[in-house]
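Asks: Quick one, what's the 3D model for this:
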Amino acid sequence: GVRQSWRARGIQQVLGANNMPLTLLTSLSSQLRGANSMGTMTREDLAIFKESISALAKVVSDCEKLRCTPIPLSYSRHTSRFF
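Replies: Numbers count the residues shown, from 1 in each chain. As a prediction, this is how the structure comes out:
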């Protein structure tokens, strides 16, 4: 039905994104706001989910920093000797 169609579009949006982790985090946050506005979650559950999304965002941010950090030339030369 409509719900399944929405899920498929959401999945395609995440898979087709330039930055999948950011798109996924944005989608999760949006879903959380929707659940909160409909009153379908308790305050405790909402707090737990917010904390989990924040922790995931921190991990994603840390991974992006590592991915974008250049490898020093001296280290690259040193390790290339072993390969």
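Asks: what are the ranges of the helices in the chain?
Replies: Along the chain, the stretches classed as helices by DSSP state H are 2-15, 20-38, 43-68, 73-80.
Asks: For stretch 38-46, measure first residue to last.
Replies: Between the opening and closing residues of stretch 38-46 we find a distance of 12 Å, counting by Cα to Cα, to the nearest Å.
Asks: same question, stretch 30-49
Replies: From its first residue to its last, stretch 30-49 covers 12 Å (Cα to Cα).
Asks: Tell me which residues are up against it.
Replies: If you take Cβ atoms under 8 Å, 6 or more residues apart in numbering as the criterion, stretch 30-49 is touched by 50, 53. In short, each C-beta sits where N, CA and C put it, glycine included.
Asks: which of the helices of the chain is buried the deepest?
Replies: Across the helices of the chain, the average number of neighbours (mean count of other Cβ atoms under 10 Å) peaks for helix 20-38, which reaches a mean of 14.
Asks: Could you figure out how far it is turned away from helix 43-68?
Replies: Angle of helix 20-38 versus helix 43-68, following axes from the mean of the first three to the mean of the last three Cα atoms, to 10 degrees, is 170 degrees.
Asks: tell me the average confidence for helix 20-38?
Replies: Taken as a whole, helix 20-38 has a mean pLDDT of 86.
Asks: Residue numbering should commence at 529 henceforth.
Replies: From this message on, residue numbering opens at 529, which makes the last subject helix 548-566.
Asks: now that helix: how far from the chain's centre is it?
Replies: On the basis of Cα atoms, centre = their mean, to the nearest Å, helix 548-566 sits 10 Å off its chain's mean C-alpha point.
Asks: same thing with stretch 570-580?
Replies: Distance of stretch 570-580 from its chain centroid, counting by Cα atoms, centre = their mean, is 17 Å.
Asks: Return the per-residue confidence for Gly529.
Replies: What the model reports for Gly529 is a pLDDT of 60.
Asks: Quick check, central residue of the protein?
Replies: The C-alpha lying nearest the average C-alpha coordinate of the chain belongs to Pro549 (Cα atoms, centre = their mean; 3.2 Å).
Asks: Distance of that one relative to Thr568?
Replies: 26 Å (Cβ to Cβ, to the nearest Å).
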